[in-house]
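Engineer: Provided below for reference: sequence and predicted model.
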Amino acid sequence: MIIRLESPINRYYVQTLAMIFFPGEKFGEDELIKTDVSSLFVRTENTETGVFAYAEASFEGKISKAEYTAEKSDGRTAERTLKLAVGGAVIHALGELVGYRPAWGMLIGVRPSKVASEMLNAGMSKTKVKRILNTDYLVIPKKAALATDIAVTEKRIVGEPSAKDCSVYVSIPFCPSRCSYCSFVSYTSKRLLSLIPEYLEKLKTDIKGQFDIIKKLGLRVRTVYIGGGTPTILDERQLEELLRFISEQTDVSLLDEYTLEAGRPDTITAEKFAIAKAYGVTRVSVNPQSLCDEVLCGIGRSHTAEDFFRAYDIAKASGIKTVNVDLIAGLPADNFKRFSATVDRIIALDPENITVHTFCVKKSAEILRLNSRIYSVHGGDAGKCVDYSQIKIQQADYVPYYMYRQKNTVGNYENVGFAKTGHEGLYNIYMMEEIHSIFAAGAGAVSKLVDNTGAYGKSANIERLFHNKYPYEYLTEDRNSMFEEAALKFYTEHGLL
């Protein structure tokens, strides 16, 4: 798509809006304009009361035009007003062109509840927040209500953020097989899996380095999250070695939450979960994604629905406080009948936590090489599946407590975490809402230093520190001193010590 702008609006913002209607689209420069490609033109001008925007779009010989004016408002920045005007014009022009209205309107960010949080913290009522999301941001009413309700729940859980709090993330970037939709840095070949023993030795050095930094900064560790990949790809001896080492760095009994993202049912054993319980783990994920074997086979999962039920029984019998189950709506070969049956069976199991993702296609995913037309604007049954999951799970007394969105999800839908009261995934909220610093260890892991000394929901100052992406590069990495220096500098400059 060719994008032409006569506006100070950020080009990336316009491209991201366009991707709602043309997922997977590539964008060219003005001088590359051809008659056989889609195009989008945006012009804006300031008015006495706000910003006026005009958008003109073309695709396959069709042309659509739209105008939209965003009024100035107390507490709304000039940049936000400009984005609202452009967003309104582009959403209307492209929506008419392709016959689609995005449920989330012009909210394109990873955190759609952030806007709701900002308005709630400004003293607005829930009713007013929902109305503004609907009228100004063009969010459909049920999504506006979802974003607002989650913002309220998050605020209750987070309370007043402390600059002395932090969390720790530990990366195990290995899997028994790679799902066709996967975009995570995870490794499955025998040669790369043979690196695990050496990787664990390096990881322990990294973990100690991160906890040493935390101690020097005088911080309190609220949560630890071991993710991947599939952490339970480690055998029993390796898992115990890792958990014992972490327990030597911090008193795990003082953690608010300690998560082991087991993930793949085919890697779970009773001994592994007994070890996890013994070393203080309080939350595990057992993720079927679907309970239809045909769907599982089609996405490259190396387990069956029966394997999931076996693993889930092990998780419940282990005595670990919280068991999370992940599902994905909109998977290839899935449909409403199959997905709704999966949701009903999971609810019947009564896990403490259920997370429903929407199928997302990443550029590096294997499935794109098999089917380049996998992207879907309307999403087929995905919308019905998402709606069904949210209605049925909440009717079963689960509360939606966190949400995020990704680019190129089918139908542009969201990912939502639901929990029984007292079983909310705290790390998920702290990480997604950037509540406090995350100190990360392992290949591909990213530490986020956060200054969130303002009220919850306000923008935070953030600095990211990256580990090498690939395990064989990570093994030769020596960055602990650099990370320590950066962390000390950040906390000093922001007056957090």
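Structural biologist: Received it, and whenever you're ready, just let me know what you need.

Engineer: Would you map the strands across the stretch 201-350 of the chain?
Structural biologist: All strands of the stretch 201-350 of the chain, identified by DSSP state E, counting those that start in this stretch, fall at 220-228, 257-263, 283-286, 322-329.

Engineer: Now find how far off-centre the first one is within its chain.
Structural biologist: Centroid displacement of strand 220-228 relative to its chain, using CA atoms, centre = their mean, to the nearest Å, is 16 Å.

Engineer: Let me have the strands of the stretch 201-350 of the chain in JSON lines, extended by distance to residue 389, mean pLDDT and mean neighbour count.
Structural biologist: Every C-beta, even on glycine, is put in place using the N, C-alpha and C of the backbone. Formatted as JSON lines, the strands of the stretch 201-350 of the chain follow (distance: least, CB to CB, whole Å; pLDDT from 0 to 100; neighbours: other CB atoms under 10 Å):
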{"stretch": "strand 220-228", "distance to residue 389": "23", "mean pLDDT": "96", "mean neighbour count": "23"}
{"stretch": "strand 257-263", "distance to residue 389": "20", "mean pLDDT": "93", "mean neighbour count": "26"}
{"stretch": "strand 283-286", "distance to residue 389": "17", "mean pLDDT": "96", "mean neighbour count": "26"}
{"stretch": "strand 322-329", "distance to residue 389": "6", "mean pLDDT": "96", "mean neighbour count": "24"}
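
Engineer: could those strands go into a markdown table alongside distance to residue 25?
Structural biologist: Below are the strands of the stretch 201-350 of the chain laid out as a markdown table (distance: least, CB to CB, whole Å):
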| stretch | distance to residue 25 |
| --- | --- |
| strand 220-228 | 31 |
| strand 257-263 | 31 |
| strand 283-286 | 33 |
| strand 322-329 | 23 |
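
Engineer: what's residue 172 sitting at in phi/psi?
Structural biologist: Main-chain torsions, residue 172, degrees, to the nearest 10: phi -120, psi 90.

Engineer: circling back to that earlier point, closest to residue 41 out of the strands of the stretch 201-350 of the chain?
Structural biologist: The closest of those to residue 41 is strand 322-329. By CB to CB, the value is 34.9 Å.

Engineer: picking up where we left off before, residue 63 is nearest to which of the strands of the stretch 201-350 of the chain?
Structural biologist: strand 322-329 (34.2 Å).

Engineer: Tell me where the model's unsure across the stretch 351-497 of the chain.
Structural biologist: 362-379, 454-459 (pLDDT under 70).

Engineer: For residue 201, find the nearest of the strands of the stretch 201-350 of the chain.
Structural biologist: Comparing these by CB to CB, strand 220-228 comes nearest, at 16.6 Å.

Engineer: Can you list the strands that the closest one pairs with?
Structural biologist: Sheet pairing of strand 220-228 (DSSP bridges) gives strand 165-172 (parallel), strand 257-263 (parallel).

Engineer: Show me how far the last one is from its chain's centre.
Structural biologist: Using CA atoms, centre = their mean, the distance from the centre of strand 257-263 to the centre of the chain it belongs to is 16 Å.

Engineer: what sits up against that strand?
Structural biologist: Outside of strand 257-263, the residues within contact range by CB atoms under 8 Å, 6 or more residues apart in numbering are 222-232, 252, 268, 272-273, 276, 280-287, 311, 315, 326, 425-427.

Engineer: got JSON lines for the strands paired with strand 220-228, with distance to residue 296 too?
Structural biologist: Listed next are the strands paired with strand 220-228 as JSON lines, based on distance: least, CB to CB, whole Å:
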{"stretch": "strand 165-172", "distance to residue 296": "22"}
{"stretch": "strand 257-263", "distance to residue 296": "14"}
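
Engineer: Relative to residue 191, which of those strands is closest?
Structural biologist: Evaluated with CB to CB, these place strand 165-172 nearest to residue 191, the distance being 17.3 Å.

Engineer: Identify each buried residue in whichever helix or strand comes after the closest one, please.
Structural biologist: Moving toward the C-terminus from strand 165-172, the next helix or strand (DSSP states H and E) is helix 190-193. Residues residue 192 are the ones in helix 190-193 that count as buried (16 or more other CB atoms under 10 Å).

Engineer: Ok, stretch 55-64 next?
Structural biologist: Those would be 55, 56, 57, 58, 59, 64, for stretch 55-64 by 16+ other CB under 10 Å.

Engineer: And the strands of the stretch 201-350 of the chain: which comes nearest residue 404?
Structural biologist: Closest approach to residue 404 among those is made by strand 322-329 (13.4 Å; CB to CB).

Engineer: Distance-wise, check residue 44 relative to residue 135.
Structural biologist: 20 Å (CB to CB, to the nearest Å).

Engineer: ok, those two, which is more surrounded?
Structural biologist: Remark: of residue 44 and residue 135, residue 44 carries more neighbours, 21 against 11, as counted by other CB atoms under 10 Å.

Engineer: Which strand residues bridge the more buried one?
Structural biologist: In beta-bridge terms (that is, DSSP bridges), residue 44 pairs with residue 53.

Engineer: distance of it from residue 346?
Structural biologist: For residue 44, the distance to residue 346 equals 47 Å [CB to CB].

Engineer: name the element residue 96 belongs to?
Structural biologist: Per DSSP H and E, residue 96 falls inside helix 78-98.

Engineer: Now do the buried residues in that helix.
Structural biologist: When burial is assessed from 16+ other CB under 10 Å, helix 78-98 yields the following buried residues: 80-98.

Engineer: In terms of secondary structure, what does it contact?
Structural biologist: helix 11-21, strand 39-46, strand 50-59, strand 62-71 (3 or more CB pairs under 8 Å, 6 or more residues apart in numbering; DSSP states H and E).

Engineer: Which of those sits closest to residue 196?
Structural biologist: helix 11-21 (37.2 Å).

Engineer: Keeping just the C-alphas, turn that closest one into CSV.
Structural biologist: What follows is helix 11-21 as a C-alpha-only set of coordinates in CSV (Å, rounded to 0.1, in the frame of the first residue of the first chain):
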residue,chain,number,x,y,z
ARG,A,11,3.5,7.6,9.4
TYR,A,12,3.8,4.4,11.5
TYR,A,13,0.5,5.2,13.2
VAL,A,14,-1.2,5.5,9.8
GLN,A,15,0.4,2.2,8.6
THR,A,16,-0.8,0.4,11.7
LEU,A,17,-4.3,1.6,11.2
ALA,A,18,-4.1,0.4,7.6
MET,A,19,-3.0,-3.0,8.7
ILE,A,20,-6.3,-3.5,10.6
PHE,A,21,-7.9,-3.7,7.2
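
Engineer: which helices and strands sit right next to that helix?
Structural biologist: Going by 3+ CB pairs under 8 Å, 6+ apart, helix 11-21 lies up against strand 2-6, strand 39-46, helix 78-98.

Engineer: same thing but 10 Å
Structural biologist: Where contact means 3 or more CB pairs under 10 Å, 6 or more residues apart in numbering; DSSP states H and E, helix 11-21 is packed against strand 2-6, strand 39-46, strand 50-59, helix 78-98.

Engineer: Quick one, which of these gets closest to residue 155.
Structural biologist: Of the helices and strands packed on helix 11-21, nearest to residue 155 by CB to CB is helix 78-98, at 20.9 Å.

Engineer: Cheers, nothing more for now.
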